[in-house]
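> Coordinates for the following, if possible.
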Amino acid sequence: MRAIFSGIVYCLLGVMFTYMAIQRVAISGWGAFTYVLILLATLDFGAGIRLILLYFKISSRNNK
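Next up is the predicted model:
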């Protein structure tokens, strides 16, 4: 249960960093900080998806 909760939190952080990056581009264009926000969003989405898939993999093995 902990893996799915952590995965959802990571995905929400990815959404937040993506939103912040979009706002940053709209205000001041593409800068170094925008690229950092995009990098953080990518890492958070990747970790979130990995944890969610891990949860489903573990739960399917427990059901067998």
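> Flag the shaky bits of the chain, pLDDT-wise.
By pLDDT under 70, the chain contains no weakly predicted segment.
> how about the helices of it, start to end?
Assigned by DSSP state H, the chain shows helices spanning 2-28, 32-63.
> Show me what the last one is packed up against.
Just to be clear, that refers to helix 32-63. helix 2-28 (3 or more Cβ pairs under 8 Å, 6 or more residues apart in numbering; DSSP states H and E). Any C-beta I mention is one placed from the backbone N, CA and C, and that applies to glycine too.
> Equivalent analysis for the first one, please.
The contact analysis (3+ Cβ pairs under 8 Å, 6+ apart) places helix 2-28 against helix 32-63.
> What residues sit buried inside the helix it packs on?
Taking 16 or more other Cβ atoms under 10 Å as the neighbour-count basis, helix 32-63 is seen to contain the buried residues 34, 37-38, 40-41, 44-45, 47-48, 51-52, 55.
> nearest to A26, of those?
Proximity of the buried residues of helix 32-63 to A26 was ranked by Cβ to Cβ; the top entry is T34 with 10.3 Å.
> Report the separation between that closest one and F45.
To F45, T34 is 17 Å away according to Cβ to Cβ, to the nearest Å.
> Could you check how many residues crowd around Q23?
Residues lying near Q23 (other Cβ atoms under 10 Å) number 12.
> what do you get for A3?
Residues lying near A3 (other Cβ under 10 Å) number 17.
> residues touching it, list them.
Neighbouring residues of A3 by Cβ atoms under 8 Å, 6 or more residues apart in numbering: 51-52, 54-55, 58.
> Mind doing that once more with 10 Å?
Residues in contact with A3 (Cβ atoms under 10 Å, 6 or more residues apart in numbering) are 50-59.
> Okay, the closest residue to it other than its chain neighbours and I22: tell me how far apart.
Counting by Cβ to Cβ, 6 or more residues apart in numbering, the nearest residue to A3 once its immediate chain neighbours are dropped is Y55, at 4.1 Å. The gap separating Y55 from I22 is 29 Å, by Cβ to Cβ.
> What's the separation between the nearest residue to L37 once chain neighbours are set aside and R2?
Excluding the flanking residues, the one nearest L37 by Cβ to Cβ, 6+ apart is A21, at 3.9 Å. As judged by Cβ to Cβ, A21 and R2 stand 29 Å apart.
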